[in-house]
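Enquirer: kindly return the folded structure for what I paste below:
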Amino acid sequence: MEQTIIECLQESISAKNDLVDGQMDHIVRLTKWIVAALKNDRKLLIFGNGGSAADAQHMAAEFVNRFLIDRPPLPAIALTTDSSILTSVGNDFSFDDIFVKQLQALGKKGDVALGISTSGNSKNVIKAIEEATRMGLTTVVLTGGSGGQLLDMADLTLRVPSESTPAIQEAHIFVEHLVCRLVDEELFGTVAAD
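Expert: Residues are numbered from 1 along each chain as shown. Okay, the predicted model is just below:
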């Protein structure tokens, strides 16, 4: 067990290091885009499946409530939370349309659409990024491995260069927390060390 713990820790650390080493400029650009959207009375729309759905909800909660500092709520919506919308669209149309319909209802030009897909091949995320692009939203994808079909579809892609799903997901939440902190600091000042 001890060896497995060490191996998993190293795999997680390596995925995060590789992501930051190769794509720090992308993290900065994503932060600037979100800051610009929020300053222009726009919002962040976040979506994914499974663990990525949980990430979308987690990130939206950090923006709406707080991350590290008390500040006014920031507009972020996880498109993964309304079971009535998800099941009615899935039943009446297709599970592939659950995010598209919500983007059509809630999205406006200048919003940031953030799709999360570990494989880069989630059909509903692909369709949502296509629709967000058509609507004039700024599109961003968090993915891993080869990047899958989503690799070159968005305005910006953050790809965790790992084949380990847990390591990719852990790097995604690291980036999501990092962006929350950077947005807070850009809008409200540096987080003071305790």
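Enquirer: residue ranges in this protein under the pLDDT threshold?
Expert: Low-confidence segments of the chain (pLDDT under 70): 191-194.
Enquirer: and the strands in it?
Expert: 44-48, 76-78, 112-116, 138-144, 156-160 (DSSP state E).
Enquirer: quick one: contacts for V141?
Expert: Applying CB atoms under 8 Å, 6 or more residues apart in numbering, we find V141 in contact with 114-117, 120, 125, 129, 150-151, 153-154, 156-158. C-beta coordinates here come from the backbone N, C-alpha and C atoms, glycine included.
Enquirer: which of the residues you listed count as buried?
Expert: Buried members of these, scored by 16 or more other CB atoms under 10 Å, are 114-117, 120, 125, 129, 150, 153-154, 156-158.
Enquirer: need those in a markdown table with distance to F67, can you?
Expert: Converted to a markdown table, the buried ones among the contacts of V141 look like this (distance: CB to CB, whole Å):
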| residue | distance to F67 |
| --- | --- |
| L114 | 16 |
| G115 | 21 |
| I116 | 18 |
| S117 | 24 |
| G120 | 27 |
| V125 | 24 |
| I129 | 25 |
| L150 | 26 |
| M153 | 28 |
| A154 | 24 |
| L156 | 21 |
| T157 | 24 |
| L158 | 19 |
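Enquirer: that older thread, just the closest of the contacts of V141 to F95, please.
Expert: V125 (11.4 Å; CB to CB).
Enquirer: brilliant, that's me finished.
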